[in-house]
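[1] Below: sequence and its predicted model.
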Amino acid sequence: MNSAIGEVMEVCLLAGKIMLQSGAEIYRIEDTMNRIARTCAVPEAHSYVTPTGLFLSLQGQERSQEQTKFLRIYERQIDLNKIVSVNEISRKLSEKELTLQQAHEALLAIEKSGFLYPFWLQLMAAALASGFFSLTFGGTMIDFLPSVAAGGLGFLLYAQANRRIAVKFFSEIFAAFTIGFIAYFFYYLGIDIQIDKVIIGSVMPLVPGVLITNAVRDLMAGDLIAGLARGTEAFLTAFAIGTGIAVVLAVLM
C-alpha cells in the first residue's frame with residue numbers, strides 16, 4: 001500500500017506543479033489534486049497550495065501509511081492550454097478512461113511540452129494588440145504603427161531579458177523603458193503622434209491581467225495568502241511598468 005500511496009502522491013504533485021507553473025487558480029489546483037487522490041481510492045487527502053509551493057498529505061488505511069510531501073515552485077508563467085490539458089487528464093482518470101500510470105505518462109508529456117503557439121505568433125499578437133489598444137484608448141491611425149513597433153519590440157526584449165535576468169521586476173522595467181523610448185523616438189522624428197496613447201497601448205501586453213484576476217478569485221475563495229501574494233506580485237509588475245515609463249519621460253521629455 002505504501003508504494004501505491006507513493007505513486008498517487010507523485011501523480012498528484014506533478015499535476016499540481018504543472019497547473020501552478022501555468023497560472024491556475026489555487027482552488028482549482030487543490031481540487032484537482034484531491035480529486036485524483038479520491039479517484040485512486042486514497043481514504044484521506046489534504047492539499048495546501050501557495051503561489052510558490054505545494055503541500056500534499058495522503059493517508060492510507062493505516063496510520064503508518066501516511067505520506068506528506070512539499071514541492072517548491074520557482075518558475076511561473078501563463079499557459080492556459082496546459083491547465084486545460086491537466087484538467088482533461090483528471091477527468092479521464094476519474095472516469096476510468098486512464099490508468100494511474102497512463103495519467104502519469106500523459107502529465108510528463110504535458111510538462112515537457114512548450115507553449116501551444118510559437119513565439120513568433122505571440123510576438124505578432126502582442127504587436128497588433130498594442131496597435132489596437134492605442135486605438136481603443138482614443139488614439140488615431142497615425143498612432144497605430146508606432147504602437148505596433150513599440151509594443152512588439154518591448155514584448156520581444158521582455159521575453160529575452162526574462163531568460164537572462166533572474167529578477168522578473170528588472171525585465172519589466174527594461175521592457176517598459178524600451179517602449180517609452182521608442183514612443184518618444186517617433187515623437188522626436190516629428191510624427192504627429194499622441195505619445196500617451198502610444199505608450200498606453202504598447203504596455204498592455206505587459207499588464208498582468210490574468211494575475212490580477214486570479215488574485216481577486218483567490219481572495220473571494222478564501223485563499224487569503226495566495227490572493228495577497230498574487231496581488232502583491234501584480235502590484236510590483238504595475239510598479240515596474242510605471243517606473244520604466246517614468247524614467248523615459250523624466251529624462252527625455
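    Looks like it arrived, so ask away.
[2] For whatever helix or strand Gly231 lives in, the averaged confidence score.
    Element membership for Gly231, per DSSP states H and E: helix 224-252. Taken as a whole, helix 224-252 carries a mean pLDDT of 91.
[3] Just the buried residues of that helix, please?
    226-227, 229-231, 233-234, 237-238, 240-241, 244-245, 248 (16 or more other Cβ atoms under 10 Å). Yep, even glycine has a C-beta here, placed from its N, CA and C like the rest.
[4] ok, now stretch 72-81?
    Buried-residue list, stretch 72-81, by 16+ other Cβ under 10 Å: Arg76, Ile78, Asp79.
[5] just these now: which is nearest Leu128?
    Ile78 (18.5 Å; Cβ to Cβ).
[6] Under a three-state scheme, what state does the spatially most central residue of the chain occupy?
    Note on the chain: the residue nearest the mean C-alpha position is Ile78, at 2.7 Å, using Cα atoms, centre = their mean. When classified by DSSP: H, G, I helix; E, B strand; the rest coil, Ile78 comes out as coil.
[7] tell me the SS of the nearest residue to it once chain neighbours are set aside?
    Of all residues not flanking Ile78 in the chain, Gly23 sits nearest, at 4.3 Å (Cβ to Cβ, 6 or more residues apart in numbering). Taking three-state DSSP as the rule, one finds Gly23 in the coil state.
[8] Can you read off the pLDDT for Gly23?
    With respect to pLDDT, Gly23 has a value of 89.
[9] Sketch out the helices for the stretch 101-250 of the chain, chain order is fine.
    119-136, 141-164, 168-188, 195-203, 209-220, 224-252 (DSSP state H, counting those that start in this stretch).
[10] what is the mean pLDDT for the fifth one?
    When pLDDT is averaged along helix 209-220, the result is 89.
[11] pLDDT weak spots in this structure?
    By pLDDT under 70, the low-scoring segments of the chain are 1-3, 61-65, 253.
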